[in-house]
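>>> Make a model of this:
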Amino acid sequence: MRYNYDMKRIGWMLFAFGVFVFVLFKTVENFQEYKELKREDESEPMTAVVYEKTAAQDLLYGKTYYMVLLNEKLTGKVAWNLDIGQRAYVEKEEFDKLEIGDAVSGFKIDGTFHNREDLKGEYSSYYIGLAFVSIYIFGYISYWLSKVKFVVTFFQRMERKKLFNSFLGFLLYGLFYGGILIGLLFGFYYMGQMVMNAYDKYSDEGRIETTAVVTDHFADRNLGRYADSEYFLALSFENQANETVYLTKEVTSHAYYAYKDQRVPISYSEETPYKIYLQETSWKDVFQIMTTNELMMYYIVLFITVALIYVFICWRRFKKTGSYFPVKKGDPPLSK
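Below is the predicted model:
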């Protein structure tokens, strides 16, 4: 039995070491690619012609992503299916100024046009990935450092000093509760964005109603447990100035199958024609939105918030009455 236990332990140690080497190798490799990308960032300037302007709008928050098409054959396609070099993200201010036939500035990387917004997305992906893999690297190194006698002795000596214990306790509590607070703040921020989007949808102020043509559609079906399927309709319509507006709208699966082969009744504001809403919303649409994984996370945020408020109320009551529960009038005082 002891032999089997030792062999399993050695096996897990070798596996952990193999994962550490692989993660470290990939981290170094990605860092070299990142440095190469940064080096090429401004090494070869390049311009591309704007063939069409389009936008993409998400489902829950109504956030609009503005982009220009760099190939005339891509007009009316689902924007999320286009690769770097086929489209370029731009800020709204630049988007409003650009006209068909204008040139956008960028850089030639691996023979493909990239602009600043494309590079920001790639840099962000690198930083997020680095932060994720660093958790394992830090944990693995910390584990083996805890086996070194000098390190253990050093921390044992520091532990005897009350100042160090107080600082360490403050740091750990700060990280724990600070992490919870930041997570809740982010949750409420995005919930606020979602509520504002719902308010805008049902606000009739300055709304223009029309019908849009479905020029393309795409369903990204995800059968996994932790990711939602996504459904997109590429739409085109004429605004009040008789200009054709192209955009991609994320919708529920019910709306996708209801409209993917026919015209879609929409409403929009003259000031923001690239932010549209479907005129008709059924209970199936509401149910599908309310049961998405993202909404489930918000339900957890609300539950944690209510639980923390309840704990705070109980703690305040205990400080005043010595009991976590309400004390009825006439009850004997609690012994302290």
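>>> and Ser236, what does it touch?
Ser236 makes contact with Gly76, Ala212, Val213, Thr215, Thr244, Val245, Tyr246, Leu247, according to C-beta atoms under 8 Å, 6 or more residues apart in numbering. C-beta: built from backbone N, CA, C; applies to glycine.
>>> Provide the strand pairings for the helix or strand in which it is found, with the direction of each partner.
Per DSSP states H and E, Ser236 falls inside strand 230-238. According to DSSP bridges, strand 230-238 has the following sheet partners: strand 207-220 (antiparallel), strand 244-251 (antiparallel).
>>> What residues of the last one count as buried?
Translated: strand 244-251. Using 16 or more other C-beta atoms under 10 Å as the test for burial, strand 244-251 gives Val245, Tyr246, Leu247, Thr248, Lys249, Glu250, Val251.
>>> Below-threshold pLDDT in this protein: ranges please.
The chain contains residues with pLDDT under 70 at 1-7, 36-43, 121-126, 151-152, 154-169, 204, 223-227, 327-336.
>>> Okay, strands next: where are they in it?
45-49, 52-57, 64-69, 87-89, 103-109, 112-114, 207-220, 230-238, 244-251, 264-269, 276-278 (DSSP state E).
>>> Can you tell me which of the contacts of Ser236 comes closest to Thr153?
Nearest to Thr153 among the contacts of Ser236: Leu247, at 64.6 Å, using C-beta to C-beta.
>>> Leaving out sequence neighbours, find the closest residue to the closest one.
Distances taken as C-beta to C-beta, 6 or more residues apart in numbering place Ala55 nearest to Leu247, at 4.5 Å, with adjacent residues excluded.
>>> got it, and Val264?
Per C-beta to C-beta, 6+ apart, closest to Val264 is Ala212, 4.8 Å.
>>> What's the local residue count around that neighbour?
23 (other C-beta atoms under 10 Å).
>>> Then Phe17?
12.
>>> does Tyr66 really touch Gln57, like I thought?
No: using C-beta atoms under 8 Å, Tyr66 is not in contact with Gln57; the gap is 10.3 Å.
>>> Quickly list what's touching both of these two.
Common neighbours of Tyr66 and Gln57 (criterion: C-beta under 8 Å, 6+ apart): Tyr274.
>>> mind checking how far stretch 277-287 is from the chain centre?
Offset of stretch 277-287 from its chain centre (C-alpha atoms, centre = their mean, to the nearest Å): 24 Å.
>>> so what's the closest residue in space to Thr211 that isn't next to it in sequence up against?
Nearest residue to Thr211 in three dimensions, chain neighbours excluded: Arg263, at 4.5 Å (C-beta to C-beta, 6+ apart). Arg263 is in contact with Thr211, Ala212, Val213, Val214, counting by C-beta under 8 Å, 6+ apart.
>>> Adding distance to Phe303, write the residues you listed out as a markdown table.
Output for the contacts of Arg263, formatted as a markdown table (distance: C-beta to C-beta, whole Å):
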| residue | distance to Phe303 |
| --- | --- |
| Thr211 | 42 |
| Ala212 | 39 |
| Val213 | 43 |
| Val214 | 39 |
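>>> what about burial for the residues you listed, which qualify?
In the contacts of Arg263, the ones that pass as buried (16+ other C-beta under 10 Å) are Ala212, Val214.
>>> Which of the contacts of Arg263 sits closest to Thr292?
Nearest to Thr292 among the contacts of Arg263, with distances taken as C-beta to C-beta, is Val214, at 22.8 Å.
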